[in-house]
Structure formats: C-alpha cells, structure tokens
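Quick one: sequence plus predicted model below, questions after.
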Amino acid sequence: MKYNMKRSIVFFLFLSLTTAVFAQEAAPTDTIVAPADTIAVLADTIAAPKPQYWTKGLTTQIGFSQLSLTNWATGGYGSISLNTFAAANANYKRDKLIWDNQLQVGYGFIQSFDDGYKKSDDRFILDSKVGYKAVETLYASALFNLRTQFAKGYDNKGNFVADFFTPAYVSLGFGVDYKPYDNLSINFAPLTGKLVMVKNKELRAKYGNAEDQFCKFELGAQIKVDGKIEVENFKVVSSLTLFSDYLNKPQNVKVYWDVNADAKITKFFSVSIRTNLIYDDTIRFIDKTDKQGNLVLDENGKTIKIPGVQFKELFSVGLSYTFGSKK
C-alpha cells in the first residue's frame with residue numbers, strides 16, 4: 001500500500017509540475033507610441049512578426065473525495081479517492097506539412113480504510129501523426145501510437161492482471177488522412193505494424209503472447225477516426241481505432257474506442273465523463289461456462305478463458321483548467 005501511495009504522490013507532483021510549466025505566459029509587450037508623421041517610416045522599418053507554426057495546450061483535471069463513518073447503523077467503509085487526468089497537445093502546421101501530437105495521462109485510486117488500496121484509473125496514451133497535403137482535404141500520412149499504463153493492476157478477486165508495459169501496444173501505420181473539417185480526421189493506414197509487449201511472463205498468455213515471447217508482431221490495416229464537438233462550455237472528444245491483423249484471423253477486427261466529455265461549471269470547475277471500450281480477441285480473460293453456468297475445463301483441468309468486450313466509465317467532478325490552445 002505504501003508503494004502504491006508513493007507512486008500516486010509522484011504522479012500528482014508530476015501533474016502539478018507540468019501544469020506550472022504550461023501556465024507560464026509571456027509578458028505583454030510595451031505599446032509603441034509614435035508621432036503621426038513617422039508612422040509610415042516605422043511601418044517600413046519594423047520587421048513583420050515572426051510566423052507561429054506551433055500551437056500548444058494542456059488540460060488538467062483533479063477530483064478528490066473523502067468519506068468517514070462513525071457508528072453508522074446502515075454500514076459502509078470509510079475511504080478517500082483521487083482522480084487525476086492531463087491531456088497535452090503540440091501541433092505544427094507550415095505550408096503543406098502538419099505534425100499533430102497528443103498525450104493523455106491519467107491515474108486514480110480509492111483508499112478504503114477497511115478494504116485497502118485499489119486503482120481506479122490508469123492510462124498512458126501517446127499519438128503522433130505526420131501528414132503532407134496531397135489535395136485540398138487529403139494528406140499522405142504516418143501515424144504512431146503508444147498505449148500502456150503506469151502501475152500494477154488487480155481484478156476484483158485480487159489476481160494480478162496488469163503492470164507497466166504489461167501490456168503495451170505500439171503501432172506505426174502508413175496511409176492517407178482525410179480531413180474534411182478541422183474537427184474531424186479519418187485516417188486509413190493499409191500498412192500498419194503493431195507490437196504487443198508483455199513484460200511479466202505469467203501474464204503473456206492472457207494477452208495473446210507465448211510464455212517466452214515478450215514482444216509479438218502484428219501486420220495489418222488500421223482505420224482511425226478522431227472527432228470533436230464543442231459548444232460553448234461543453235466538449236466531446238472521440239477516438240475510434242479499428243485494426244485487422246493480416247497474419248492472424250483478419251476477420252476479427254480489434255476495437256479501441258475512447259470518449260472524453262467535459263462540461264465547464266465555472267472557470268476552474270468541471271464535470272467529466274471518460275469511457276474506454278476495447279475488444280481484442282487475443283485478450284482472453286473471461287471464464288468460459290456452459291448453459292447451466294458451470295465452468296468449462298480443458299484436458300488439463302484448467303478453466304478455459306475466452307475474449308469479451310471491455311468497458312470502463314469514469315465520472316468525475318473537480319478542478320479543471322486549460323492552458324494555451326484548446327484544440
């Protein structure tokens with residue numbers, strides 16, 4: 001528990017430090033006052049402003065709750081919980097070249113005074129896309145993605161199920177990017193290489209790797225749709241990724257769908273809902289049962305595991321602020 005608490009504190013400090021860096025703003029320049037007869041001369045001699053090719057932004061959110069019970073007749077457990085989330089972007093655009101980068105990190109926990117420490121959220125997602133305009137709304141593109149988590153994870157039975165780089169997914173795809181609007185991007189990459197990395201040997205079979213296989217290679221086609229809707233103080237960001245592995249059952253499409261919805265209450269407070277949906281037929285984690293609900297065993301007497309849809313939803317109310325560009 002102490003180790004997990006230390007890790008949570010380190011993450012919180014990291015988030016605070018990142019916020020401080022992005023919060024720095026350039027001091028306003030002094031206004032130049034010149035006589036009317038010298039304005040024309042100054043216009044010819046003062047250099048034009050330097051073009052700005054980068055737009056950067058950072059959104060941070062922190063939610064905290066605490067519950068204490070003393071002689072509470074209906075029962076319950078005292079607890080504290082903390083959820084932190086940060087989304088940073090750094091985008092470059094010059095002539096026909098674009099380079100979009102986005103990082104999402106989040107961590108949350110519940111510390112029950114009677115039931116111990118439990119992780120409630122854990123994510124690390126990095127996206128980077130380079131594009132070169134071919135026609136008005138079509139770009140030749142390369143798309144990179146890294147998805148993993150920070151800390152060890154356990155299921156509701158206390159079984160060890162995840163860790164840093166257990167699993168981790170790294171992909172690099174080449175194709176075209178269609179951008180009919182600023183808030184919509186459809187990327188099709190018919191040549192996409194993907195690495196599935198599982199650091200812990202005892203969990204490799206769970207995520208589709210052989211016991212002696214730290215890294216598994218997949219080659220396939222990928223479609224990624226990124227969209228955003230923003231109306232006044234309400235914003236929804238959606239990212240859907242579909243991947244078909246040419247080398248292993250290409251008809252079984254793998255799905256990753258992340259949705260972030262935020263509603264501003266005041267300048268510093270917001271309500272947010274974050275959902276994650278995953279379907280990957282190589283991740284086998286559900287006990288197979290027959291029609292009567294009995295466990296189905298293999299020839300060695302072990303429970304057979306099957307894949308299924310994974311879904312996570314996190315609702316949070318707390319401090320929120322955006323620095324720099326909101327794109």
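Right, received. Where do you want to start? Residues are numbered from 1 along each chain as shown.

so where's this protein shaky on pLDDT?
1-48, 325-327 (pLDDT under 70).

Give the partner strands of the strand ranked longest in it in its sheet and their orientations.
In the chain, taking DSSP state E as the definition, the longest strand is strand 116-135. With DSSP bridges as the test, strand 116-135 is paired with strand 97-112 (antiparallel), strand 138-148 (antiparallel).

So for the first one, what gets flagged as buried?
In this case it means strand 97-112. 98-111 (16 or more other Cβ atoms under 10 Å). For the C-beta atoms, the positions are set from N, CA and C on the backbone; glycine is no exception.

ranges for the helices of this protein?
Secondary structure of the chain (DSSP state H): helices located at 2-23, 39-45.

Could you check how many residues crowd around Thr74?
5 (other Cβ atoms under 10 Å).

Quick check: closest non-adjacent residue to Gly324.
The shortest distance from Gly324 to any non-neighbouring residue, by Cβ to Cβ, 6 or more residues apart in numbering, is to Gly57 (4.0 Å).

who's in contact with the residue nearest to Tyr279 when sequence neighbours are not counted?
Spatial nearest neighbour of Tyr279, chain neighbours left out: Val255 (4.4 Å); criterion: Cβ to Cβ, 6+ apart. Residues near Val255 by Cβ atoms under 8 Å, 6 or more residues apart in numbering: Leu240, Thr241, Leu242, Leu277, Ile278, Tyr279, Asp280.

Just grab the bridge partners of the second one for me.
Yep, that's Thr241 we're talking about. Going by DSSP bridges, Thr241 forms beta bridges with Lys224, Tyr256.

how much space is there between Leu82 and Lys118?
Leu82 sits 12 Å away from Lys118, going by Cβ to Cβ, to the nearest Å.

Now for those two: what residues contact both?
In contact with both Leu82 and Lys118: Phe109, using Cβ under 8 Å, 6+ apart.

and these two? which has more neighbours close in?
Leu82 (21 against 17).

what's the spacing between that one and Gly108?
Distance of Leu82 to Gly108, given as Cβ to Cβ: 6 Å.

Repeat that for Thr322.
20 Å.

still on that earlier bit, switch the strands paired with strand 116-135 over to CSV; also include distance to Gly227.
Shown next, in CSV, are the strands paired with strand 116-135 (distance: least, Cβ to Cβ, whole Å):
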stretch, distance to Gly227
strand 97-112, 14
strand 138-148, 16
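
closest one to Lys216 among the ones you listed?
Between Lys216 and the strands paired with strand 116-135, the tightest spacing by Cβ to Cβ is seen for strand 138-148, at 14.8 Å.

Now that closest one: buried residues?
Tyr139, Ser141, Ala142, Leu143, Asn145, Leu146, Arg147, Thr148.

ranges for the strands of the stretch 151-300 of the chain?
153-154, 160-162, 168-181, 184-197, 215-231, 234-245, 254-264, 269-279, 286-287 (DSSP state E, counting those that start in this stretch).

would you list the ones you listed in TSV and tack on distance to Ala205?
Listed next are these as TSV, based on distance: least, Cβ to Cβ, whole Å:
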stretch	distance to Ala205
strand 153-154	17
strand 160-162	12
strand 168-181	16
strand 184-197	12
strand 215-231	12
strand 234-245	18
strand 254-264	18
strand 269-279	18
strand 286-287	14
